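K.L.:
Just need the structure, nothing else, for what follows:
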Amino acid sequence: MIRKEGACGRPLIFGSLEMQKMSVKTAAGSTLVELVVVIVIMGIVAAFAAPRFFDDRTFLQRGYYEELVAALKYSQKLAVASGCPVRVVIDAGGYAARQQAAQSGTCNAADTSWPTNVALADGDVLAGSSPLGVAVSPAVTLTFDALGRPDLGADQNISVGPFALTVRAGSGFVQAF
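P.N.:
Next up, the predicted model:
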């Protein structure tokens, strides 16, 4: 046994030299085999988990779905507020809202070209492009009249990826699911 005195004069007792060598060996760390096994397990987990973290298609679909719902509701409210019909064209490439030309302070019902872009409060045009990889179906053209009713014979369902919205034929109510 090795005896030494500590700072306060009390004896410190260490085990034999053999015991000291063994305790140093056990505290040395991991073996190479253990390290390789951990790295292999981390690689397998990363191969399966990483694609889920970096796939943003669901977020793009949900964002475009919400944008489309807001555009339809805004178009309907604008048609009621202005007294002029608003036409919204939705296809695979995106959507756009337009109004008939004004004539003497009212809408020109004879105009079928819909030349006036619908402007938002900040001056931007009410239109949007579908994000890459986001599918919208079916392509549809809706016209909201001055009472907010769409020109539909039946309810219209529109799908944006796994998300669906319905425009009610009678009321024009845009129902988001």
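
K.L.:
nearest residue to residue 61 other than its sequence neighbours?
P.N.:
In space, residue 61 comes closest to residue 161 once its chain neighbours are excluded; the distance is 3.5 Å by C-beta to C-beta, 6 or more residues apart in numbering. From N, CA and C alone the C-beta is placed, and that goes for glycine too.

K.L.:
was I right about that neighbour contacting residue 59?
P.N.:
No: contact between residue 161 and residue 59 fails when scored by C-beta atoms under 8 Å: they sit 10.5 Å apart.

K.L.:
Tell me which of those two has more neighbours.
P.N.:
A count of neighbours by other C-beta atoms under 10 Å puts residue 161 above the other of residue 161 and residue 59, at 17 against 10.

K.L.:
give the contact list for that one.
P.N.:
57, 58, 61, 65, 134, 135 (C-beta atoms under 8 Å, 6 or more residues apart in numbering).

K.L.:
export those residues to a markdown table and tack on distance to residue 175, neighbour count and pLDDT?
P.N.:
Below are these laid out as a markdown table (distance: C-beta to C-beta, whole Å; neighbours: other C-beta atoms under 10 Å; pLDDT from 0 to 100):
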| residue | distance to residue 175 | neighbour count | pLDDT |
| --- | --- | --- | --- |
| 57 | 24 | 13 | 84 |
| 58 | 21 | 11 | 86 |
| 61 | 18 | 21 | 93 |
| 65 | 13 | 22 | 95 |
| 134 | 20 | 18 | 92 |
| 135 | 20 | 11 | 90 |
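
K.L.:
quick check, nearest of those residues to residue 148?
P.N.:
Taking C-beta to C-beta as the measure, residue 148 lies nearest residue 65 of the contacts of residue 161, at 21.4 Å.

K.L.:
show me the residues around that closest one that make contact.
P.N.:
Residue 65 neighbours (C-beta under 8 Å, 6+ apart): 160, 161, 163, 165, 176.

K.L.:
From residue 51, how far off is the residue nearest to residue 147 when sequence neighbours are not counted?
P.N.:
Residue nearest to residue 147 in three dimensions, not counting chain neighbours: residue 80, with 6.7 Å by C-beta to C-beta, 6+ apart. Applying C-beta to C-beta, to the nearest Å, the value for residue 80 to residue 51 is 46 Å.

K.L.:
what's the closest non-adjacent residue to residue 137?
P.N.:
Once flanking residues are discounted, residue 137 sits nearest to residue 159: 5.3 Å by C-beta to C-beta, 6+ apart.

K.L.:
what lines up beside the strand or helix carrying that neighbour in the sheet?
P.N.:
Here residue 159 sits within strand 156-160, counting by DSSP states H and E. Strand 156-160 has its sheet partners listed here by DSSP bridges as strand 136-137 (antiparallel), strand 163-167 (antiparallel).

K.L.:
Now render the ones you listed as a markdown table, adding mean pLDDT, mean neighbour count and distance to residue 118.
P.N.:
Below are these laid out as a markdown table (pLDDT from 0 to 100; neighbours: other C-beta atoms under 10 Å; distance: least, C-beta to C-beta, whole Å):
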| stretch | mean pLDDT | mean neighbour count | distance to residue 118 |
| --- | --- | --- | --- |
| strand 136-137 | 93 | 17 | 19 |
| strand 163-167 | 94 | 17 | 17 |
